[in-house]
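Novice: Output the structure for:
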Amino acid sequence: LWSRGTCRSARALLSDYVLHNTMLMRIGSILGLGLAYAGSNHSDVIHLLLPVFTDSKSTMEVLAVTSIACGMVAVGSGNGDVTSTIMTALLEKSESDLKDTYARFLPLGLGLCFLGKQEGAETITAALEVLPEPFRSMATTLVNICAYAGTGNVLKVQQLLHICSEHYEANEKEEKKDDKKDKKEDKDEKTAGSVDLSSQQSVAVLGIALIAMGEEIGSEMAFRAFGHLLRYGEPVIKRAVPLALALISVSNPRLNILETLSKFSHDSDSEVAHNAIFGLGIVGAGTNNARLAAMLRQLAQYHAKDPNHLFMVRLAQGLAHMGKGTLTLGPYHSDRQLMSPVATAGLLTTLLAFLDVKNIILGKSHYLLYCLVTAIQPRMLVTFNEKLEPLPVPVRVGQAVDVVGQAGKPKTITGFQTHTTPVLLAYGERAELATEEYIALTPVLEGFVILRKNENYAA
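Specialist: Just a heads-up that it's a prediction; the model follows:
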């Protein structure tokens, strides 16, 4: 979350441009407000943004960005004003409007409002049933996956895998219809079916990762499922899998995921390659991983003549060395027990934009990459005294051990090294104080920690 003080200046500077005649100014100011107030559920900002939906000049792109901004501000709150306004805007759109590539961001705005709400999103999914078919399935799937983000719900993952595997049967039916060609209605159904499957399936693939990313075993099972989808899935699924692989391992460069993505970064389908290269950047974000850096240098040489591929490689390189290796994109904190809704919203928005990388990121909406900023946070441990002055103390940093339910006082870390704060914590690492001179005021040593002098300490 951004500090409340700096936000006031963002609102003062940007509020005048929300209904500007130039669409580019609108987009910039709306997204700026969305990022500045992400997670605050600030009613003034929401009421500043909502009139954009009813303004006749607003293009589909402007509506998409407004939807993202409102979703980010009201993330996980189920804000009634935001959901009803986006819902009304969707119902007013014609079928051709809903075929626009930016239309996907309107249900994303709804989904972000219900992030992690589980059954709380059932009313809005029921309301989405009135939309025309190709769009309806995609929208309901998108809201559903947001509602169950990070829960590890196995039944939801099963439903999503079912959506991904339905394609072949649908194809056979379509071929039979194509052979007959006797009724116009049949033809219409066929086209609706084909659009529906592709848009819904790519969202379902991302959904598997979004739901399973919360815990190790779920992530490993998802990784295996993605292997099958890559081998047997349709092109649409193949394009989404690299992004899903990145989502289950954000800022955690696991070798098996790096190698899978590296393989697909040379794929003949340029969209698969673009997504795989960006996926490499997300997986290694802020880690300075030497193996990944070498991979990306080789890719830069390999793709030197193709500006689009090279753009992706440069993005990935920038992400890998983010903050010179002091930052992370990981949405989990407090010993990976809590998920940050703001960080998850930023990651999901960016990855959803990459589902149509050619028209959105490599088109005119590259600015959606800025949505990642809500997920960027330092991975340092900095200790302060009670006057908020920096206080260097020795800490032990090692691999975290799961000690839930064990009797006594088991060791919480293994293979530790002793450092003096400030210190960097890698993925899956935990720190504990190596001195009894100070007592931490928080149960988890992460980020900024205030220490109090131990009264009973005798040197």
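Novice: what ranges do the strands span in the stretch 351-459 of the chain?
Specialist: Using DSSP state E, counting those that start in this stretch, the strands found in the stretch 351-459 of the chain span residues 377-378, 380-384, 394-400, 413-420, 423-424, 429-433, 438-440, 447-453.
Novice: ok and the last one relative to strand 429-433, angle-wise?
Specialist: It stands for strand 447-453. 20 degrees (axes from the mean of the first three to the mean of the last three C-alpha atoms, to 10 degrees).
Novice: for the second one, same thing?
Specialist: Put simply, strand 380-384 runs at 20 degrees to strand 429-433, going by the same axes, to 10 degrees.
Novice: Just the buried positions in whichever strand or helix holds Met72, please.
Specialist: Using DSSP states H and E, Met72 sits within helix 60-73. Within helix 60-73, the residues scored as buried using 16 or more other C-beta atoms under 10 Å are 60-73. C-betas here are computed from N, CA, C, even on glycine.
Novice: starting at the chain centroid, how far to it?
Specialist: Remark: helix 60-73 is offset 15 Å from the chain centroid, using C-alpha atoms, centre = their mean, to the nearest Å.
Novice: Show me what the following helix or strand past that helix packs onto, helices and strands only.
Specialist: Later in the chain than helix 60-73, the nearest helix or strand by DSSP H and E is helix 80-92. Counting contacts by 3 or more C-beta pairs under 8 Å, 6 or more residues apart in numbering; DSSP states H and E, helix 80-92 packs against helix 43-49, helix 51-54, helix 60-73, helix 105-113, helix 122-127.
Novice: How far away from the center of its chain is helix 80-92?
Specialist: Distance of helix 80-92 from the chain centroid (C-alpha atoms, centre = their mean) equals 23 Å.
Novice: a helix runs through Gly330, doesn't it?
Specialist: No: assigned with DSSP: H, G, I helix; E, B strand; the rest coil, Gly330 falls outside any helix and is coil.
Novice: distance of it from Gly152?
Specialist: 16 Å (C-beta to C-beta, to the nearest Å).
Novice: Those two: which is more packed in?
Specialist: Neighbour totals were compared for Gly330 and Gly152, and Gly330 leads with 22 against 17 (other C-beta atoms under 10 Å).
Novice: So the more buried one sits against Ser251, correct?
Specialist: Yes: in this structure, Gly330 is within contact of Ser251 by C-beta atoms under 8 Å, at 4.5 Å.
Novice: Might you report the residue contacts of the nearest residue to Lys358 once chain neighbours are set aside?
Specialist: Closest residue in space to Lys358, ignoring its immediate chain neighbours: Glu271 at 6.3 Å, by C-beta to C-beta, 6 or more residues apart in numbering. By C-beta atoms under 8 Å, 6 or more residues apart in numbering, the contact list for Glu271 reads Arg239, Val357, Lys358.
Novice: Now Glu271. Its backbone dihedrals?
Specialist: When quoted as degrees, to the nearest 10, the phi and psi of Glu271 stand at phi -70, psi -40.
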